[in-house]
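J.: pasting a predicted model and its sequence here:
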Amino acid sequence: MGRRRSSQCQLILFVVLALFSIGGFSAADYTNLVFKGCADQNFHDFNGLYKQTLKTLFDDLTSKSSAVKFYKTTSGDGAAINGLFQCRGDLSNEDCYRCMKRAPEMASKLCGEALAARVQLTGCYLRYEISGFRQVSGTELLYKVCGSTRASGDGFGDKLDTALAEIAKGVAASGNGSGFYAGEFQSVYVLGQCEGDLGGGDCVNCVKRAADTAKSECGGGGGAVSAQMYFQRCYISYTYYPGGGVPGNDQKSLSSSSVNLKLNKLQGTGKNSTEKTVAIAMGGLVSVGLVMACLLFTKSAFKKRTPSYKYGG
């Protein structure tokens, strides 16, 4: 009897794992780290006023994420720190809040006492800098992801061009100020978003630049079947499914497959990009689902110089 129960439990675990594998987007996906950017200068008295000010900022941003998907504010007086967050336009308020609870933890862990930082997760990003910290251009390329699979056959380049052009049209027509667009053209699925306070014309120019960069950096026609381009104030992504049969919520799983990450540093260091291949894991939700299935069955102040960031996955 015990051996039979063990075998049945193993079967249930296998089925649950299979369901999660084909389900595409899970709670773990939108809190996966895409990249981080940490200033190479630190707070001088981080254990004092700055530490408390940064905590206040994080608490404020996180609390607002349960109601809005973009928020920008400043915390502190003499030790003022500017900060903002943005969630993807297709996330619910609940998912946005969950993502933003994760972002400050990642920023503290990965960037420590840095004067400025950006943490980009799949579903949201957090950015902060000490007041007066010099920022890069809004159309500066921060990070790029080029899929390792290459397109085959004729016509991909034309399909990609048309699909990417739809991003600029979509963000321009968003109407509600969200600067978000997701859609598809002949099995090329695209997504784009601008920072919440970026004007319409600037938003269009930013995503156009990102689209051009995607084609030039990831190969365009005959190139990578997927790509993501992260700029300072906008980002775009595309995924091509030549055989059709796209998962219904594929727009939320653009980062869930194995991809080539090509690392770019800000401020033109002149160094070659560092390339690495990563497989993004299913995350804690799968583990919880597996355990629950089995349990149910068995019934149980900085220097004034030009700053730079260090970016990485």
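T.: Perfect, I can see it now. Worth saying up front: this structure is predicted, and the values here are computed from it rather than measured. Numbers count the residues shown, from 1 in each chain.
J.: any weak-confidence spans in the protein?
T.: Where the chain drops to pLDDT under 70, the residues are 1-28, 175-178, 220-221, 244-313.
J.: confirm residue 133 sits in a helix?
T.: No - counting by DSSP: H, G, I helix; E, B strand; the rest coil, residue 133 is not part of a helix but coil.
J.: what is the burial count for it?
T.: Here the number of neighbours of residue 133 (other CB atoms under 10 Å) works out to 15. Every residue, glycine included, has its C-beta placed from N, CA and C.
J.: can you tell me the SS state at the nearest residue to residue 180 once chain neighbours are set aside?
T.: For residue 180, ignoring the flanking residues on the chain, the nearest one in space by CB to CB, 6 or more residues apart in numbering is residue 89 at 2.8 Å. Assigned with three-state DSSP, residue 89 falls in the coil class.
J.: so what's the backbone phi/psi at residue 89?
T.: phi -60, psi -20 (degrees, to the nearest 10).
J.: again with the one 3 residues further on
T.: Phi and psi for residue 92, reported as degrees, to the nearest 10, are phi -70, psi 170.
J.: so how far is residue 151 from it?
T.: Taking CB to CB, to the nearest Å as the measure, residue 92 falls 33 Å from residue 151.
J.: neighbour count: these two, which is higher?
T.: Of the pair residue 92 and residue 151, residue 151 is the one with more neighbours under other CB under 10 Å, namely 22 against 10.
J.: show me what contacts that one?
T.: With contacts defined as CB atoms under 8 Å, 6 or more residues apart in numbering, the neighbours of residue 151 are 221-225, 240, 242.
J.: re the thing from before, check contacts around the residue nearest to residue 180.
T.: By CB under 8 Å, 6+ apart, the contact set of residue 89 is 69, 178-182, 193.
J.: quick one: which of these is nearest residue 143?
T.: Nearest to residue 143 among the contacts of residue 89, counting by CB to CB, is residue 193 at 14.8 Å.
J.: that closest one contacts residue 231, correct?
T.: No - checked against CB atoms under 8 Å, the pair residue 193 and residue 231 is beyond contact range at 10.6 Å.
J.: more neighbours, these two?
T.: Taking other CB under 10 Å, residue 193 and residue 231 do not tie; residue 193 has more neighbours (30 against 23).
J.: can I assume the more buried one sits in a strand?
T.: Yes - counting by three-state DSSP, residue 193 is found in a strand.
J.: please enumerate the strands of the stretch 51-200 of the chain.
T.: For the stretch 51-200 of the chain, applying DSSP state E, counting those that start in this stretch gives strands covering 70-75, 81-87, 116-121, 124-130, 141-146, 180-185, 188-194.
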